[in-house]
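Colleague: coordinates only, sequence not included:
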């Protein structure tokens, strides 16, 4: 009989996170969910309460427990990474961090970016930047994730570390971002959709697929970054077509602008990741074009 794993999930108790927790529990894992107490975990999980920005509180909440794997869903800064690394080094067999495609925001080296385009071992860490400032953090989301990966990577063999760089997530009736709703409102009413002069395609991933991947990754032993994106690029036109299918009287009207603020997913550069490393490790990705209609229908509360 396989021994149940001890899994610590830090944050992420909604949307993708709750799906991952449900999958871990269904697999028989003993799951502890650590957050600030704002929401209880699903039945069957242990609840640990602490502010992950407080190293003392984090250590007290964990106590003397050890884990087979830590899944960190809400690490956004090198400070947060440094605290977690200090508390959990030697206490877990593996540390798995949910990262983002935004780590590649300054990379233009290839049509599809492999993980080597951003090597966390070579990323400079600057703890003196104002990471506690919410406005700064929002404007430097990708940089915060890059530096957090770098801090964990520097932990070496005493803290085996992997990161999952997640593409833009679509789907689910509980999508809280409002991004597809933005397009639904404009297409339904004929309001203009602001786009830059050149709009680039991107890689995406279905919400159920990324939950599958994270729960799968928690049981693997690879280290280093892996890209998580469905097969195939999606263009903004394809997204709008999928939304417009639910509003036959509506129309997508694009308005080109040089302004900094444009519509969601109207990318000025390619956000496209190569997923071959994760596929080679054994994860089977779906085709973005196949799940897109289902993802849009779920989010908009429509029937297919």
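Modeller: That came in fine, so what should we check first? Predicted model, so just to flag it, every value in this text is computed and none were measured.

Colleague: so where does residue 226 fall, helix or strand?
Modeller: In this structure, residue 226 sits in strand 224-228 according to DSSP states H and E.

Colleague: contact partners of that strand?
Modeller: 99, 101, 113-115, 118, 120, 149, 153, 161-167, 205, 210, 213-214, 217, 273-275, 277-278, 281 (C-beta atoms under 8 Å, 6 or more residues apart in numbering). Any C-beta I mention is one placed from the backbone N, CA and C, and that applies to glycine too.

Colleague: ok, residue 270 touching residue 202?
Modeller: Yes. The pair residue 270 / residue 202 is scored as a contact, 6.8 Å apart, by C-beta atoms under 8 Å.

Colleague: picking that back up, looking at the contacts of strand 224-228, which are in strands?
Modeller: Judged by DSSP state E, the contacts of strand 224-228 include 99, 161, 162, 163, 164, 165, 166, 205 as members of strands.

Colleague: for PyMOL, write a command that selects the buried ones of the residues you listed.
Modeller: This is the PyMOL syntax for the buried subset of the ones in strands among the contacts of strand 224-228, where burial follows 16 or more other C-beta atoms under 10 Å:
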select buried, resi 99+161+162+163+164+165+166+205
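
Colleague: tell me the one of the ones in strands among the contacts of strand 224-228 nearest residue 92?
Modeller: residue 161 (10.0 Å; C-beta to C-beta).

Colleague: number of nearby residues for the nearest residue to the closest one once chain neighbours are set aside?
Modeller: Nearest-residue entry for residue 161: residue 152, 4.3 Å, with adjacent residues in sequence omitted and distances by C-beta to C-beta, 6 or more residues apart in numbering. Neighbourhood size, residue 152 [other C-beta atoms under 10 Å]: 27.

Colleague: kindly report the same for residue 18.
Modeller: 18.

Colleague: roughly how far does it sit from residue 25?
Modeller: Going from residue 18 to residue 25 by C-beta to C-beta, to the nearest Å gives 11 Å.

Colleague: returning to what we had before: sheet-wise, list the partners of the strand holding residue 226 with their directions.
Modeller: Strand pairing for strand 224-228, determined by DSSP bridges: strand 161-166 (parallel).

Colleague: mind checking what helix or strand follows the strand it pairs with in sequence?
Modeller: Using DSSP H and E, the helix or strand that follows strand 161-166 in sequence is strand 168-170.

Colleague: show me what that next one is packed up against.
Modeller: On a contact count with 3 or more C-beta pairs under 8 Å, 6 or more residues apart in numbering; DSSP states H and E, strand 168-170 meets strand 202-206, helix 207-218, helix 288-300.

Colleague: identify all contacting residues around the helix or strand harbouring residue 239.
Modeller: Using DSSP H and E, residue 239 maps to helix 236-244. Identification of contacts with helix 236-244 by C-beta under 8 Å, 6+ apart yields 180, 183-184, 187, 193, 195, 199, 201, 250-252, 265-267, 289, 292-293, 296, 300.

Colleague: looking at residue 270 and residue 202, which is more packed in?
Modeller: Neighbour totals were compared for residue 270 and residue 202, and residue 202 leads with 22 against 18 (other C-beta under 10 Å).

Colleague: surely the more buried one touches residue 168?
Modeller: Yes. At 6.1 Å, residue 202 and residue 168 qualify as touching, with contact defined as C-beta under 8 Å.
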